[in-house]
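Okay, structure incoming, though there's no sequence with it:
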């Protein structure tokens, strides 16, 4: 893809080929000013800092804010879910919260958050006391790791806990505001109260079950965004391009959902201008041959009927029987990073019947050892269930102290 990319330490380090042109800040800004539309994609939410500092003239920062602030997003869609309860509370006021007045079970999470940090389920008043203590410790431990535009502990959202399967959808709105779904994932958990990012899966059944409902919800969200545009654009965004049509256009997003008891898709959160993070978006390539980034940047739309259709009965049967997975190998909380001598990647991978790709991370910088893509027969669900319940300690070699 012959694309302009903002020149920074990350893009220079990646070593793109000559087809990718790295632009200095001023060049990148002038290019956007010369275009009729503002099509921006970023693999990292860290870029929100640069966007906030440099792209106010586009109006995209306000669109990002509709989703990045989870309390604001709840306000945006509350007419779609009038029975959904939520409230915003400042971090310093959590000690004084009247927990008896909060409908349970509920989820507490940062209004501006990332990677499941600070997210907990609370079912009883007794659980709240323990959760609040753990939450304070976690907020202290991750203080300063992310910019305020990416993660902030200043305000939290308490909202109804939606029971049911959790989904993650990569999608974008095209130049006309039409939603395009590029992948749908099921987020699996080892236990009811566990909301850790550990296993994501997708299959033909996943797409067929949820595609139409996901498209309907995305259309509803854009209608709400259009109403917001009409109400505040002229008064609050005087520097934005007022000639642009209202709503979301050329806008990528990653939306996390729960399927409630009435089979409604209820949003948990929406991550703007990106797809699933930390390698997760690439499951679409292994499962369906879809490069989600190319599809968005070139305005392509998947022909799902054709993608899911086998060329003959044998292939169709095989496709029905396969689940594609992303496994996130996170460091056990009980083991300090400085105490780790090594992680046994070979042994870890050997426990899966068809590994597709292993991507190692520097666990001294991030609390993750690796991401593993696998292909699993539905007749062998045991390997995924086993992984959901493992703490990975069996693959961690801990340093031993020498006693003289």
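Sure thing, it's come through. Fair warning: this is a prediction, and the values are worked out from it, not measured in the lab.

how near is residue 183 to residue 69?
Separation of residue 183 from residue 69 (Cβ to Cβ, to the nearest Å) stands at 25 Å. In this view, the C-beta of every residue, glycine as well, is placed from N, C-alpha and C.

Could you do residue 75 as well?
For residue 75, the distance to residue 69 equals 9 Å [Cβ to Cβ].

Give me the more crowded residue out of those two.
Shown here are residue 75 and residue 69; by other Cβ atoms under 10 Å, residue 69 has more neighbours (18 against 15).

Phi, psi for the more buried one please.
Main-chain torsions, residue 69, degrees, to the nearest 10: phi -90, psi 110.

That one contacts residue 111, correct?
Yes: taking Cβ atoms under 8 Å as the definition, residue 69 is a contact partner of residue 111 at 5.6 Å.

what about residue 188, neighbour count?
Counted with other Cβ under 10 Å, the neighbours of residue 188 add up to 16.

And the pLDDT at it?
Reading off the confidence values, residue 188 has pLDDT 94.

again, but for the one 5 residues further on
Confidence per residue is given as pLDDT, and for residue 193 that number is 65.

what do you get for residue 153?
77.

gap between residue 63 and residue 358?
Noted for residue 63: a distance of 36 Å to residue 358, by Cβ to Cβ.

Between these two, tell me which one has more neighbours.
Comparing residue 63 with residue 358 by other Cβ under 10 Å, the one with more neighbours is residue 63, at 22 against 18.

before we move on, which element is that one in?
In this structure, residue 63 sits in helix 60-68 according to DSSP states H and E.

which strands and helices sit next to the helix or strand following that helix?
Reading on from helix 60-68 to the C-terminus, the next helix or strand found by DSSP H and E is helix 70-77. Here helix 70-77 touches helix 60-68, strand 86-90, strand 106-112, strand 152-160, helix 204-236, strand 265-272, going by 3 or more Cβ pairs under 8 Å, 6 or more residues apart in numbering; DSSP states H and E.

quick one: buried residues of the longest one?
Same thing as helix 204-236. Neighbour counts using 16 or more other Cβ atoms under 10 Å place 204, 206-207, 209-211, 213-215, 217-218, 221-222, 224-225, 228-229, 233 of helix 204-236 among the buried residues.

and if you look at the third one?
Applying a neighbour-count criterion of 16+ other Cβ under 10 Å, one finds 106-112 buried in strand 106-112.

Any stretches of the stretch 251-400 of the chain with poor pLDDT?
For the stretch 251-400 of the chain, applying pLDDT under 70 flags the ranges 310-320.

Sketch out the strands for it, chain order is fine.
With DSSP state E, counting those that start in this stretch as the criterion, the stretch 251-400 of the chain has strands at 251-259, 265-272, 322-330, 340-343, 355-360, 368-377, 396-398.

Give the pairing partners of the second one; include direction for each.
Translated: strand 265-272. When pairing is defined by DSSP bridges, strand 265-272 lines up against strand 251-259 (antiparallel).

Report the angle between the partner strand and helix 60-68.
Taking axes from the mean of the first three to the mean of the last three Cα atoms, to 10 degrees, one finds strand 251-259 and helix 60-68 inclined to each other by 10 degrees.

how far does strand 251-259 sit from the chain's center?
When distances are taken as Cα atoms, centre = their mean, to the nearest Å, strand 251-259 is centred 8 Å away from the chain's centroid.

So what touches stretch 200-217?
By Cβ atoms under 8 Å, 6 or more residues apart in numbering, the residues outside stretch 200-217 that reach it are 167-169, 171, 179, 181, 183-188, 255, 257, 259, 263, 265, 267, 276, 280, 283-284, 287-288, 304, 308, 319-320, 322-326, 378, 384.

Out of the residues you listed, which end up buried?
Buried members of these, scored by 16+ other Cβ under 10 Å, are 167-169, 171, 179, 181, 183-188, 255, 257, 259, 265, 267, 276, 280, 283-284, 287-288, 304, 308, 319, 323-326, 384.

Show only the entries of these found in helices.
283-284, 287-288, 304, 308, 319, 384 (DSSP state H).

Residue 393: which of those residues is nearest?
For those, the residue nearest residue 393 by Cβ to Cβ is residue 384; the value is 18.9 Å.

tell me the contacts of that closest one?
Contacts for residue 384 were tallied using Cβ under 8 Å, 6+ apart; they are 188, 199, 201, 323, 325, 376.

possible to save these as a markdown table with distance to residue 59?
Listed next are these as a markdown table, based on distance: Cβ to Cβ, whole Å:
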| residue | distance to residue 59 |
| --- | --- |
| 188 | 38 |
| 199 | 37 |
| 201 | 37 |
| 323 | 40 |
| 325 | 38 |
| 376 | 44 |
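
nearest to residue 143, of those?
Ranked by distance to residue 143 (Cβ to Cβ), the contacts of residue 384 are led by residue 199 at 28.6 Å.

Next one: the spatially closest residue to the closest one that is not a sequence neighbour from residue 137, what distance?
Distances taken as Cβ to Cβ, 6 or more residues apart in numbering put residue 188 closest to residue 199, at 4.3 Å, once the chain neighbours are dropped. Residue 188 is 27 Å from residue 137, where distance means Cβ to Cβ.

Next: residue 292.
According to Cβ to Cβ, residue 292 and residue 137 sit 36 Å apart.

which ones are touching the residue nearest the centre of the chain?
For the chain, the residue nearest the mean C-alpha position is residue 276 (4.4 Å; Cα atoms, centre = their mean). By Cβ under 8 Å, 6+ apart, the residues touching residue 276 are 168, 170, 183, 185, 200, 254, 283.

Kind regards, and thank you for your time.
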